[in-house]
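# just coords:
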């Protein structure tokens with residue numbers, strides 16, 4: 001694959017490559033790879049989620065029980081709507 005880039009960018013890459021004692025191609029590939037591998041990229045998030053182990057049935061049961069235990073009762077009135085205060 002050939003990618004056309006502006007001359008000033010090519011000169012910058014040449015300078016970075018010389019300083020790192022790498023080829024221009026390797027500097028460009030490393031830079032692109034670091035952008036792709038960032039944890040904030042959607043692809044990285046998808047890879048991480050796809051590599052998670054599937055939860056066991058007991059783990060799902062524990063999670064559902066914790067959700068139910070953490071629910072608050074529904075009230076028709078807010079704390080400031082009740083008079084006199086409790």
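Yep, that arrived. Computed from a predicted structure; not experimentally measured.
# Which element is encountered next along the chain beyond the helix or strand residue 19 falls within?
If you go by DSSP states H and E, residue 19 is part of helix 7-20. Going down the chain from helix 7-20, the next helix or strand is helix 24-36, by DSSP H and E.
# That following helix: which residues count as buried?
By neighbour count with 16 or more other CB atoms under 10 Å, helix 24-36 contains the buried residues 27, 28. C-beta: built from backbone N, CA, C; applies to glycine.
# For it, give me every contacting residue.
The contact list for helix 24-36 (CB atoms under 8 Å, 6 or more residues apart in numbering) reads 10, 13, 14, 16, 17, 20, 22, 41, 43, 44.
# how much distance is there from it to the middle of the chain?
Offset of helix 24-36 from its chain centre (CA atoms, centre = their mean, to the nearest Å): 20 Å.
# okay, the angle between the least confident helix or strand in the chain by mean pLDDT and helix 24-36?
Least confident helix or strand of the chain, by mean pLDDT, DSSP states H and E, is helix 42-50 with a mean of 81. Comparing the axes of helix 42-50 and helix 24-36 via axes from the mean of the first three to the mean of the last three CA atoms, to 10 degrees yields an angle of 60 degrees.
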